[in-house]
Each structure stands twice: as structure tokens, then as C-alpha cells.
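> what follows is a predicted structure for the sequence shown.
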Amino acid sequence: MLPKDFRGYLDYLEKNGKLLRVKKEVDVKHELAAGIRKVSDTDGPALLFENIRDYPDWRVAGGVYATRKLMALALETEPDEGKLLQRYLECGEKRVKPKLVPTGPVKEIIIKGEDIDLTKLPVPTYNAKDCGPYICAGVEINKHPETGKQNVSICARLVLGKDKLELVAPAAHQTALIVLAGEERGQGVGVATVLGAPPELTIASQIKAPMGVDETEIAGAFRGEPLEVVKCETIDVEVPAHAEVIIEGITIPGERVFDGPFGEYRGDYHAMLGGGKREGFVTKITAITMRKDPIFHAILTGMPMTENHWLKKWAMASDLCRLASKVVLYPEDIKGVNVTEGGSTCNAVVSIHKRNERTPRDIIYTLLSSQVPIWNVIVVDEDVDVYDHLDVERAWATRVVPSRDIYILPYPPETTIWFAKRWGIDATMPLGKEREFHLKARPPGVDKVDYV
Ligand SMILES: [Mn+2]
């Protein structure tokens, strides 16, 4: 079982040779992010920055989930695509309720009222054109004002001043629905931002569980025992007792801010409303609680692959696998699902055992119409390895008749370009006699060659 707290987890990474302590002084503006970018591109290790310019009391961890191997350590499995997906498929269905404890290390320091000052936190500015410092590794926990059910997600949060944070929650996301449900009643909604969360909570936050499911229960499933939680000081939310920092805040009903540019997971600065700007909610910070020698957590996004993409990859693939399984008569006909690394988590490949010609179309429409934010789906036959980019490309290069096999979903009226990018490719072989012409040509007996 993994250590209970984030710093214990960093020690565990160090013991496994996957953590580098950085003694060199770095600036929160661009320099932290540059280090995380480098290890994201060179297969690790994770970084613990111990010397942050102007923030002597802080350390900053980054790149903690920046590679497949680091993800495998956090998920307690091997860095094998199939095994990683299997962990998500299993744990995503299980629920282990959190355990409320009276207090925990995250309450060692409690800051309230006039003493709250977000500028005292080492919040990084990441990509070159970003408009300001963003908290990106915060796991956001809030409660639906009607049902009282908690929701867990990760939202980008631009620092707007000493005691104000933006909350970026796109309209269709559960967090936005919860904030809007509060506004309908004229109420703010309490939002806790967890920094240095136990790994299983960060991982579980990326699963698109149905509205009303508290993802701290999925975190418990990944952990194999309940997540220990404490009550917040100023809002009705329960947060991990062993986190590094909790920022408590309340949304201000009706108040909005436009942010951007911000380097997003698609690898560009485009915001959802276009023009490089997007609308976000605003929260007033009501308390900050933290450990005595706190570790700030930074997560980089931008060009794939970063930890943002790794954290989403199998969470999304497992959600898509469940959806695709419902399209076919035999769930085992879904042979593989991959959210591809070059696609910035916008593209998926699904391999199937095809029994009739309409199944690829049905899978394409189902997945593209779901809550999982993907733009393109390629369906391939079971002889294609969804994790092998060469194999997938060969399938769509050789098995597709464009006028027949490309599906473009209609552009919904009165929407942004975001929702227009929905299309799919049926790259499966036609059933029947033609099939033999498309089989992979290989000489027999390659496995018996013993002279080389
Ligand atoms: Mn949710």
C-alpha cells in the first residue's frame, strides 16, 4: 500500500530512483515549468525543488505523474498499457467511503481573515504566453447545494489577488453545474483546493463518474482502504487529512472573469470561447490550512505528453471502454481502447471483433456524444494493436474508403467551434469475402527462425 501522504509518496519515489531533489535556485515564473517540461520529455524523474526564489519556506514538487513509469508507481502496477487500463476499469467501479478523522497534518497551520495572502504561495507561471500564475495541481472538492453530494475534479485556477482565485469550470462540467445550482439559490458554493493530495485522489479525480458520485470513494478503491478526511474550517467540505495545503473558498454568485491566454492540454493557447479568452467563476478565499514546512504541487500542461495527459489517458480510456461495451452485444467484442498520446487526449482508437457493419459507426457516435471530451474516434479490427501507432496508421491508410467510412457529426447550432470537432473513421475491413484482401501479409514461420 502507498504512503498516506504526498511527502511520504515523494520519499517512496526517491527510494525507487524516480525523484530528483533540485538544490539550484529556481523562479516560479517559467523556471519551475521548464524543469517539469524537460523531465516530461525525457521520461522523468519527478522533481522536488528545494530552493524557490523569494519563497524560502516552500518546496515545490513537479512532474510527479509525468511519465508512464511514474503513473505505474502511483497505480501500484507495471508500466504496461493493458495493466494500467485494467486498474482504472476495476477501481472505477468500486466505492470505498472515506473515513472522517478529527484532525490531521494539514491543520498544522491555519490562516484566516486578513492574514490570507495567496501571493505568499509559490504559484508557478507555466507556458511562455500564459497571462499569469495558475494553480493547476489543485484537486477541487465541492458539494452540490441540493443533494449534498461531493464532487472531485481538477480545475485551472488563476490567482486574481490576495484572496481571490478564478475557477475554470466549462459549462458542461459537473463543477460548473454545482456552482450554478448554488447561484440559482443566490448562494456561493464552498470549493476546497487540495494541494499535495494523496496520489489516489489525484488519479480518481480524472474519472468521469456520474453526477452524485463522490470520487473520494473511488480514491478509496484505488488505495484499498478509506481515504482519511477532515472537515474544512470555513466551508462544508471534507478534505484529505494528509494533504500538504488546503485552500478554502466560496464562489461569488454572478461574478465572472475572463482569463487567458493559457497553455492548455491541447498544446496551444486556445481557450474554449475562442480569441484566447474564456470565462471563469470567481472564489473568495476564506481559509488556508497547511503543514508546517509545506510542499506546493505543480502540474504542467501544454504540448503532450505531460502529467496532465497521463492523468487523463487511462481515466478517459476506461470511461470510453465502458461506453463502447454497451454498444455491442458481447462486451468482450471490445478488444482494446487507447487515448492516443499524439492526440492531446482528444483522439481515441478502439479495436473490435466486428460482427456487423454498423458497429463501428455506432461506437463512433456513442463515444463522440458522451461526456468524455474526445474529438476523433478510429475503430479498427482486432488484428490491430491500438497502442502501436504504426499499426493504427496502416489500418486507416489501407482499410478506409473515405466516402463510406468517415463520419462527421453535424455542427450543432449556436455553439462554439469546440463542439464542432467531432468525427470518426471506420478503419475496419469489410466483412465477407473482401476481408482476405486486407489481411496482414506476412511469411509464415517467422517465430521459428532461430539463426538470427
Ligand atoms: Mn464527478
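Now that the structure is in, tell me what you want to look at.
> could you use CA atoms for every contact and neighbour count after this?
Fine.
> what are the contacting residues of the lengthiest helix in the chain?
For the chain, the helix with the greatest residue count under DSSP state H is helix 307-325. For helix 307-325, contacts defined as C-alpha atoms under 8 Å, 6 or more residues apart in numbering pick out 40, 63-68, 71, 84-86, 88-89, 203-204, 206-208, 265, 299-301, 331-334, 336-341, 344-345, 348, 363, 366-367, 372.
> now a ChimeraX select for only the buried ones of those residues.
This is how ChimeraX selects the buried members of these, with burial counted by 16 or more other C-alpha atoms under 10 Å:
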select :40,63,64,65,66,67,68,71,84,85,88,89,203,204,206,207,208,265,299,300,301,333,334,336,337,338,339,340,341,344,345,348,363,367,372
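> assign the residue of the stretch 251-400 of the chain found nearest the ion to helix, strand or coil.
Nearest residue of the stretch 251-400 of the chain to the ion (C-alpha to the ion) works out as residue 371 at 11.0 Å. For residue 371, the assignment made with DSSP: H, G, I helix; E, B strand; the rest coil gives coil.
> can you check residue 258 too?
Per three-state DSSP, residue 258 ends up strand.
> next one: the one 4 residues further on
Following three-state DSSP, residue 262 is assigned to coil.
> shouldn't it be in contact with residue 131?
Yes: Residue 262 is within contact range of residue 131, at 6.4 Å (criterion: C-alpha atoms under 8 Å).
> show me where pLDDT drops low in the stretch 1-150 of the chain?
Counting by pLDDT under 70, the stretch 1-150 of the chain shows no low-confidence range.
> residues in contact with residue 391?
384-385.
> so where does it fall, helix or strand?
Residue 391 is located in helix 389-398, with elements delineated by DSSP states H and E.
> after that helix, next one along is what?
helix 402-405.
> what residues of that following helix count as buried?
residue 405.
> for that helix, name the packing helices and strands.
Using 3 or more C-alpha pairs under 8 Å, 6 or more residues apart in numbering; DSSP states H and E as the contact test, no helix or strand touches helix 402-405.
> give the next helix or strand downstream of that helix.
Defined by DSSP H and E, the subsequent element after helix 402-405 is strand 406-408.
> partners of that following strand, with directions?
strand 423-426 (antiparallel) (DSSP bridges).
> so for the strand it pairs with, mean pLDDT?
For strand 423-426, mean pLDDT rounds to 98.
> related to what we said a few turns ago, and the residue of the stretch 251-400 of the chain closest to the ion, what's its pLDDT?
pLDDT at residue 371 comes out at 89.
> report how many residues lie close to it.
Residues lying near residue 371 (other C-alpha atoms under 10 Å) number 15.
> following the longest helix of the chain, which helix or strand shows up next?
strand 334-339.
> counting by contacts, list what that next one packs against.
Partner elements for strand 334-339 (3+ C-alpha pairs under 8 Å, 6+ apart): helix 307-325, strand 347-352.
> strand partners (parallel or antiparallel) of it?
strand 347-352 (antiparallel).
> the partner strand vs helix 307-325, what angle?
Here strand 347-352 points in a direction 40 degrees away from that of helix 307-325 (axes from the mean of the first three to the mean of the last three C-alpha atoms, to 10 degrees).
> list the buried ones in strand 347-352?
347-352.
> check stretch 25-45 too.
Of all the residues in stretch 25-45, those buried under the rule 16+ other C-alpha under 10 Å are 26-37, 39-40, 44-45.
> can you check stretch 389-406 too?
392, 395-396, 399-400, 405-406.
> test my guess that residue 339 contacts residue 349.
Yes: under the criterion of C-alpha under 8 Å, residue 339 makes contact with residue 349 at 6.5 Å.
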